[in-house]
Structure formats: C-alpha cells, structure tokens
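Asker: Quick check, what structure comes out for this input:
(chains A, B and C)
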Amino acid sequence: MNIAVCLKQVPDTETKIVLNSDSTDIVTEGIKWVMNPYDEYAVEEALKIKEKYGGKVTILCLGQERSVEAIRTALAMGADDAILLNDPAFEGSDSYTTALVLSKALSQIEYDIILTGKQAVDLDCSQVFAGLAEFLSLPYVSIVVGLELFPDQKKALAKRETEGGEKELIEVTLPAVFACQKDLNTPRYASLPGIMKAKKKEIKKLGLAELCLNPEHVGAKGSKLKKGKYSLPPQRKAGIKIEGEIPEAAAKLVKLLREEAKII
Amino acid sequence: MPGIWILAEHKEGKFKKITYELLSLGKKLKSKSGEELCALLLGSGIENLANQLGPYGADKVYYLEDEVYKSYLNESYTQGISELVKSQDPSILLAGATALGKDLFPRVAARLGTGLGTDCTSIDLDNNLLKITRPIYAGKVLMEATIPQTKPQMAMLRPNLIEISPVDSSKKAEVIKSKANPKKEDLRTMLKEILKGESKKIDLTEAKIIVSGGRGMKDKENFRILEELADAFGEGTAVGASRAAVDSGFAPHDIQVGQTGKVVNPTLYIACGISGSIQHLAGMSTSKYIVAINKDPEAPIFQKADYGIVGDLFQVVPLLTQEVKKLKSEG
Amino acid sequence: MEITREIFWNIGNVRILIYLLGLVPIIVLAFGLWRKIKLWKIGKKENRYDQIWKRIKTTLYYGILQVRTLEKKYPGIMHLLLFWGFVILFLGTLLIAFQEDVTLPFFNFNFFHGGFYLSYSFLLDLFGLLAIVGVLLALYRRIFLRPESLDNKSDDFFALYWFLVVLVTGYIVEGLRIAATKPDFERWSFAGWQLASWISFLNLSTDSLKTLHRINWWIHALLSFGFIGYLVYSKFLHIFSSPLSIYFRTFDPIGMIRPIPDLENQETFGVSKLEEFTWKDLLDTDACTKCGRCQDNCPAWQSSKPLSPKKVILDMKNHLVEKGGLLLQKKQLSPEKNLIGDVILEDELWACTTCGACMRVCPVLIEHIPKIVEMRRNLVLMQSRFPSEVSLFFKNLENNYNPWAIGFATRADWAKDLKVRLFSENKDIEYLYYVGCAGSFDERAKKISRALVNILNQTGVNFGILGTEEFCCGDHARRIGNEYLAQILIQQNIETFKKYNIKKVIVSCPHGYNIFKNEYPLSGYNLEVIHHSELIYDLIKKGKVSLGRTLDTPVTYHDSCYLGRYNEMYETPRRILKALCSDLKEMERSRYQGFCCGAGGGRMWMEEKLGVRINQMRVEQAQKTGAGIIATACPYCLTMLSDGIKEKEIKNLQAYDLAELVELSLHK
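Answerer: Numbers count the residues shown, from 1 in each chain, chains lettered A, B, ... in the order given. Predicted coordinates:
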C-alpha cells in the first residue's frame, strides 16, 4: 500500500506567543518548531499500515525551509520518502491554496490512502483535509479515532468521533483521505539509528514550476480567506479566593460562574 | 441573489440549539444588510420541522428532502448544498462549528471555491463584507479575517456564544422544498453504525465541565459527591481524578488527569482536594476557568485557579451542587 | 633431636609421585582459569591497564585489608579468618616446597629447622585453627542465622565442608605424627600437640599410629589437591576473580556514566548482547561472591520490585556460561536467548534508581549501574522500548528543555519579583546559580530557589542566572538511557557556558552537581561546582551568616544519593543542621548506606506500579527517629519525601530543604 502523509511544521504548543509590531503575525524568532501533533498520529498510522500490508510511506509538507526538521522526524520514525513544497509564491497560503498545492503534488505520486492530522495547531483551521479530498475527487472521513483497512476490497472502515461521546462507523472506498484525531494510536519514538539515517535521506524539493501552478492561484494571492489583524485575548485575571463562610462562598462562586464566566 | 443562509442542524426530531443561535445571528446581520435570511434544512420526512423556523427569524427555508439525507454524510450533504447554493447564489453561508459543521463546511467551501472561517467567536457584517474573528494558537491569539473576493462568504459559529433573540410566533417562513440529486449508489461513503457513548459519561477530553478529585477525597465512595456536582451542571460534564487519587485507589486510571494521564481542555475545571502538582497542572492548565477547593491555603493549585475556596471539600461540594441546581431551575 | 620434621616422614619416597599428582590439580586450575579468561575476553576492549601503582594500592586496600568486607562485622571477621588461614597455610606449604625444590638442591640451604621451624609451626597451627573457626562461623551463619542476602546453594555448603575437611585432616595428620614421634619441641605446634595428647589416650601402638598417619596423610593430600583443582569451578573462583575485579576497577566516582563517544558515527548503541559488554563487565560476573550486600541495600529490591543487583550479575554469569562457550566456537545459542527480555527482564532494568548503594557496598567493586544503563541505552536508542510515560518526558525535554510541558520562555518567571541578575544583561558576574528544572518550574522546589537567592543576596554573593538560556542539565535523560537527547542538552548548555565564560556554578540540585562536576568535563567543559550546602557552610565559617538555634523539633537528615554516595558529601549538610538545631537524629540507613528517595535514575518520570512505594519506606524510616523535620538537599528528594508524608498522612512530620531552614534562621 502506498500511503501519503501530509504534515505541517508548527510552533510548539507551549510557545510564548508574541505579536509583531504591526499585529499582522506572530514573532517567529526564538520559537521551537515541531511537527504538528495531530500529524504525528497520521505518520504513526501510516507506518502501522506499512508494517501490516507492506508498501511505502511518502511525506508531503508545504512550508518554509525549516520544515525540513519536521519532515526528518517523520523519516526517523520510519517514513520512506519525503517531498518539501517550497516556493516564495506559496507564502501566505490559506487552507484553500494549501490544499491546492498539496493535491497537485499528490497527483504526481502514487497513493492508495492519504493521511493527515485533523487540524494544525497554529491556525486551527481544520480544513485542509477536506480541500485535499475535494481537489483529488476523493471521499474523506474526519476526526478518525479508529481505522481498519480491507485493501483487497479497496475499502476501509473508519471510526469517527462526533459529539457527546458518540462515534460513527463509516465505510469508505479507497483511495480516500483520513483526518487523524488524538489517540488514534501512540506515535512511536524514533530510534537513534532511525534519526541518523533520516539525517542523510534526500528530501525532494518542489516549487511552483515543478508543480505547474499559476502564481495567481497560490500563496497569499490565491487565498480565499484574507487574514486581518491579530490581537491578544483579554488576560486571564489573577485568581481570587472567595471569602466568607462556606455556604456563602459556595453561593458566591456559583453566581460568579454564571455571571463572569458564563458557564451555567 | 443576495441572502444570508444558515445551516439548520437537527437531531432526533428536534433542532439543536445552534440552529437558533445561527438564526439570531442571522437576524443581526440582516439588520445591517437587508438581505433575506434563509435556513437550509436537509433530511427526510421532517417537513414539520421546516415550519418551525419562521418564529426564530427565517424568511425562507430551503428544505432538501431525500431518503439519502436521513443520516448525515459529508458526501451527500456537500452535493446537495453546493448545487443549491450554485443555483441561488447567496452572499453569506453560515453553519455552527459543531461536529457536523466542521466535517461538512470545509468540503463545501472547497467545492464552491470560496473562503471559510472555521470556529469563529464573532461574525459581523461591514459594508456587506463578512468580518470574522477566530481564535488561533489554541486560543492564545485572535485573528480577524474576511472573504473579499468570492461568494458565498462562509463562516462557522462557535456554539454557546450567541444569545437567542426573542421569538416572534407570528412570523412564518416560506418553505421551498426540493428534491436532491445524489444517488445512494454513487456515494463512496456509507454510515454503517452509530456507537453510542456510555449513557452520561463522556470522555474527559470532550467534556466542557470537569469536576476532579484528588487525595483529599479520602475514599472511592466519596467520588459520588463529585458525580452529583457534575450531574447538576447537566450535559457535557465528566469526573476526573488526580494521580494521587488514582494511586490511592480512589479512582480508575482512565479518568486520571495530568501529564501521565489525560490532557483536558474544558471550559470549567473544578479541582477538589487537589494540591496542584506540576504534573497535574500539565494536564488541565489550558482550561478556560479553574476553580480550586482545598483545605490548605498554600496549595499550589490556588496560584493557577481563577476562583478558589479554602475549605473542606466535603462541605463545599455538596453546597455547590445545591446552588447550581437552584440556579438552573430558576432558568 | 633436631628441631625439624622430615618432609614425607612415614610416607616414603613419593616426591616424584606427589609432584606428578600435584600437577593434575594445577593443570585443572590453570585450564579453568584460562577458559574463564577466554570467556571474559568475549567482551569488548576497555583500557583498564593504566595507573599500575594506583591499582596495586587499591587491590591491597580492598583485597588484602578488605576494608569493604569489614563494613559488616560478622561476615567481615569471618572472612578475614578464612582468608588469612588459607593464605598462611598455602604460603607455608609453598615455603617447604621452595626449600625442597630450590634452596636445597641448588644452594644446599636448609632453613626448615630450629627457631624458624618453631615459629613456622606455631603460626600455621594458629592460622589453621582460625580458619576452622572461620568455616564454623560461616556454617553457623548459613544454617542458623540465614540472612536474606545469602542464597544457600549446595555449592556453598560443599565448598565449606570440603575446606573444613582439608583443615581437619591436616590437624589429624599432625596429631598422629606428633603422637608417634613425640618430640618435645612440638609443643609449639600447640594444636597438633593437644590433639596428639588426646590420641595418646587411645593407647595405640606406634605402628598403628604410623598406619593411621599414612592413611590420613594420603586423604589430606588428595583432598587438598582436589580442593586446588576444585577452586575454579566453585565459588572459590573469587580467589582469582575478585582481586582481578578490584585491580581492574574503575576509578570513576560511583554512578558516573560516560557519554557514548562519537555518537554520530556509531551504528549500534547500548548493550543488547553479552558480547557487547566489555571484558571487565564479564569479569565482574565471575567476581561476585553472592554475598548479597548489594541486594540488602537496594531500594528497589527492598521495596519488592523485581530488581536485585545480585540477580542481574548472576544471571549475566549464567548466560555467559551458557552462551560463552558456544560463542567461542562461533556457534549461537539455540533456541536464541535475548539478554534483555529472557535473561534480564525489562522491569528489572527500569526499576533501578541508580542510587549506587550496590556499588558502594560491594566488597569486590563490581560495577552494576553502568551495565544497567547500557542495557537501557539499547532499549531506548535502538528499540524505542521504554515505559510509555517516558516518551512524554523525552518530548518535553526536546521541545521545551524541561521535563514538564511548560514553555521554556517562562523558565525565569520564578525570579520575577526577586533581585536576580541575568547573564545576558550583566557583565562581571562571578557565580552562575544554575537553578535547574525543578527549581525553575516545580512550585515546591521554587521555594528552595527563592530561599537560596535570599541567602545569596543577604550575604552579597556575586551571582546571576541564565534564565531562559538555561537548559535541563541532561542527567535524567542520560540515566534513562537516552544518550542522544542528553548530549543535545549538554552541548547546548556548554555552548552557553562558553558564551559567558562561566567558571563557577552554584547548584541546589545534586543531579546538576554530579553531572556538571563529573561528566561535563568528558563532554568538553570544566567547571568549579559548588553545592548550595557547601556554599552555605562556607558562608557560616566565614561569619557572613550567623545562625541561631531555630528548630525546636528533632531533625533528621536524608542523604541524597547523588550528593552522598556519588560525591561523598555527608558531613557538610550535617554541620549546617547542627548549627540550626539541638537534636540531629540519624536514620538507621544513613551516609553511605542512605536509602534512596526513589526518584533517581529517571524514575521520577515513571509510574511506580510494582511493589511498595520507596518514598513511603523512607518516610517511615524517618518517622522512627522521632524527628519532626526531614532535612534534604535535593528538590527531587524533597518532592518524594513530601509526597510520602502526605500519602501516609503523617501529622507531625515535614520535609524542608537546607536552604529553606537556613533562610528561616536568618530572618529570626
């Protein structure tokens, strides 16, 4: 089975976020960049499929040069090939153009199944998986917490998380796109020989020309969602200790939860 | 044709609250642009539901009826909605940032070649241009955005943020029924089964409100008072435990919150008898609101809590349960 | 009558026969040793051939003076008796052979007579008796006292009985000879003399005596020869292997783990097969005398975990016996047995807290911890097999340079409202205060950092911190076996140290202390490292700090493994405490026998699922002293002990760091 995994490099979730001077973006200096955590589940699932059915795992990533680090993490875990989609024209992509570029690259390789994380933890848009499916005319299942394949029947059975603890079992024909959710599996820790080998692996680089794309259709130019100003949400107020006798304090707390926190 | 369209969500013969929230939002937007407010309803044999939307503000209800829409599938719904939208060309298309919406709208946006703002905390209109605000970086930053060049301008509203405006029972909506096109045989996905979760218990990672107990609970049986508090809050609540409680045998490992347990992100986290070790905080520090109840005023949890009560949890928790029940029954 | 005795008296002209016979056990012995050496050499190369004079001295200290063995009085004295008994008797016999085969034929020199003979006879009789006493003490211990540390296998008894019979028959031979020849000067052989006088009561004829003598002589000779041959195949192998393991010891401080050199260019990491150990590691398995002291002091074993250092070493030994022979013939074990998994279980490896007690009490200086860490290295770096909660620990270190998922940008927040300078903003700072991960992020440990900063400020010490440029020291990562991650952290810290040309470091955490002092030099950076207790004591001595007796409750001090056993710092913290309180109690297990808190070896980041809680055991030990305060010098010990107190719900016991206690006294 040929498995394609689309991943993204994002700031570590514990990063202290600082806005730049004109509030158009965050300051990228001093950030620790990591593989998007949801994509880790995608990579691990891909590796498990390869271990069970044989085949190849190809990593695709749209990003800046530094994204190579995240790609190497996937290679260290056991992925076979990797493609970095990098071009100045791709900068400022929204979900639409990201999916467009990725699907163009995907159409150049062989795949039986496409895996990706359900969302990237920087912009939290949660849309690329759908764009990939649409542009490649494939079905998809999102928020996948379980995946069983039947390669000879070209089918898969995916468990999709909905709401209130419910899950759906969806049967889908292959090839298809699956957006992976947390706890789909436990991503493996790369062995040191794996890390060493990954350092030497060649990562294919594709740009505008290799993908035969029109610069007007990609990057910020082609984006459908135009980003505006960034702002910081109101600071978490310092906590307060509610005074008074226990019964009063309890009543006061509940009132605060309703009025200030708007929870009840 | 201009129009503010919203996707109406329903389940088991009733509309979900988000539908009313969307209509209330739609009314506000309508007052700025003057376009008509339409609801999109997909399903099978739910005509009676279609008639209920007028009082909430809908001018029109587009009701797509077909056997194929009986259960939700992104394939069939995308097909139906996209074709209708292409034929009617509304300027704005909204849905709730619910499980269904988040699964469906990204595909619809890609098919229609338009922009979509997901999980928005605010949606407004300025000169017929949709202005949305959405949280990014796990809510650490807010981003404004617009969809200036394509139609419809699509956005998804985060549930529980909009107040439902007063109902006008005299208002009636025009229901436009249409047959859909997707054939079941053409579909490549199929819903095989719905697995219901355990009656009231939802996964900690999905819970909106978590009541959690620590070493101070002293006994397995005492967790009952936490369950009562959780139940008092209603749906979407769960009970968690700190590692100390799990290690002492007061609670099973699968509800352990913390670095070596589950990492949770509820709107409200109530920590009862939990001291707040770093390992525990690592599992719940992104909670929107943290309440701490502990006998020890020096407990580190108070540093991270928004509201704290220094006291005996066996006194405080039942009283809280009482108060919450009182407040909820008052409406 | 001449004061001597005839060699081979009453036996006849059997010299050639005896020597030929004697050759057999010698050949057997030599062959056995040679075979053992070949097995040890299956291991990898390691240079332990340097510092010859230092090695000789240490062998004398631990092998002859047996300082470690004597740390336990009963077995220590027992062994001394056995040891010297055997040595003196053996040398005595050699001496006679020396005369018969060298000095007499070549130099016509005979010394075995007169005064020399009398002293010789007395000495041998004395030491032979002492040896018998030793054997009886040993048997008594095994049969009646039955300590847990000893496993009483048949070989143990067989060896003791054989030795005993050799000794006893020797006296019988002497007794019979003296009874038959009755020379007066033989009073000097007082034991034989006494035995002879008892034999005389039997009123046997001289001929009968001579016959008995001859019979016993042959029995004694054959048994003795047999014993020599048996040595290498029994536990007495340690006669050869233990001095070797002492001679070829490591001079590294206890617990020191060496970096994997040239990491980038290695293909395999750690040890997963017997042959990947060094020859010294394999020699260690044969040096073990199964005394069980390591086990007695191992916190894992004592808390019912599956790990026993003794078992690890002996399992390795059995594996070497099984597999080694086949390996020498270039064959494989069939069915294949995995070192990790079949011979030694993963649970055993992960249970180790690297406290170093095993290595500190081992009389023959076996190195348990490096073997365990090498196997962990293989599990982590090659197989990615480790307790699942550890992967989160690794991830956090990789992404935020601390073990908790806390943004590295907040590392200096604990010092926000304190007077603390950053190296990045100030020049001319004398000391780096390396706060460490616990001191920067853990709420309880932050109190230690704050207390220390107050003390430093009040006494005018010129110090600064690295703030967000400080990374985890790498200790826990290295102990768990993730040498790759450890080296990344170490190199990053070294870059920063170089950047600010840092020479002196104050630490409040023994893990940082140990790795900066003993292991960072191997990675290319030398520092003067000062533990905060040393600093505080220094300030007290210089009069910069005066302490009143502030603690009115008894205090007991918990020795941190990485400060105490690893770096032999036992007294300085106690001196500080003595200045602070009037009643300093000692726990039963203290100083070099201190009982680990359970957090070391990376165990802080693992769940303790098996056995009893180590930290609770330690807290119980503290409770027994009647103390109201446990004083610690390590943030992890503090966390573990505080947790233990809470878990056991002990009312009148609290745990505090030395810095906190001193700061309290300053304020008064």
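
Asker: How much space separates the residue in the stretch 51-200 of chain B that chain C sits nearest to from B:D119?
Answerer: Going by CB to the nearest CB, chain C is nearest to B:K140 of the stretch 51-200 of chain B, at 10.5 Å. Just so you know, the C-beta spots here come from the backbone N, C-alpha and C atoms, and that holds for glycine as well. According to CB to CB, to the nearest Å, B:K140 stands 14 Å off from B:D119.

Asker: same deal with B:I210?
Answerer: Applying CB to CB to B:I210 and B:D119 gives a distance of 21 Å.

Asker: For the residue of the stretch 51-200 of chain B closest to chain C, which non-adjacent residue is spatially closest?
Answerer: A:I17 (4.7 Å; CB to CB, 6 or more residues apart in numbering or on different chains).

Asker: Repeat that for A:G222.
Answerer: A:T97 (4.5 Å).

Asker: part of a strand, is that neighbour?
Answerer: No. According to DSSP: H, G, I helix; E, B strand; the rest coil, A:T97 belongs to no strand; its state is helix.

Asker: Please verify my assumption that it contacts A:H217.
Answerer: Yes. A:T97 is in contact with A:H217 according to CB atoms under 8 Å; the separation is 7.1 Å.

Asker: Those two: who's more crowded?
Answerer: A:T97 (24 against 15; other CB atoms under 10 Å in any protein chain shown).

Asker: who's in contact with the more buried one?
Answerer: A:T97 makes contact with A:F90, A:H217, A:V218, A:G219, A:G222, A:S223, A:K224, according to CB atoms under 8 Å, 6 or more residues apart in numbering or on different chains.

Asker: Phi, psi for the residue of the stretch 1-150 of chain C found nearest chain B please.
Answerer: Nearest to chain B in the stretch 1-150 of chain C, going by CB to the nearest CB, is C:E148, at a distance of 27.9 Å. Dihedral pair for C:E148: phi -70, psi -30, per degrees, to the nearest 10.

Asker: per-residue confidence at it?
Answerer: Per-residue pLDDT puts C:E148 at 90.

Asker: Neighbours of it, how many?
Answerer: Considering only other CB under 10 Å, C:E148 is surrounded by 10 other residues.

Asker: Now that it has come up, it's in contact with C:G292, right?
Answerer: Yes. Counting by CB under 8 Å, C:E148 does reach C:G292; the two are 7.1 Å apart.

Asker: Let me see the domain layout of chain C.
Answerer: C:52-247, C:265-382, C:388-541, C:555-667 (automatic domain parsing).

Asker: Strands along the stretch 51-200 of chain C, start to end?
Answerer: Applying DSSP state E, counting those that start in this stretch to the stretch 51-200 of chain C gives no strands.

Asker: Chain B contacts on that one?
Answerer: By the rule CB under 8 Å from any CB of the partner chain, no part of the stretch 51-200 of chain C lies against chain B.

Asker: quick one: furthest residue from the center of chain C?
Answerer: C:S205 (57.2 Å; CA atoms, centre = their mean).

Asker: ok, so what distance separates that one from C:I172?
Answerer: In terms of CB to CB, C:S205 sits 18 Å off from C:I172.

Asker: Then A:K204?
Answerer: 89 Å.

Asker: Between these two, which is the more surrounded one?
Answerer: Shown here are A:K204 and C:I172; by other CB under 10 Å, C:I172 has more neighbours (20 against 14).
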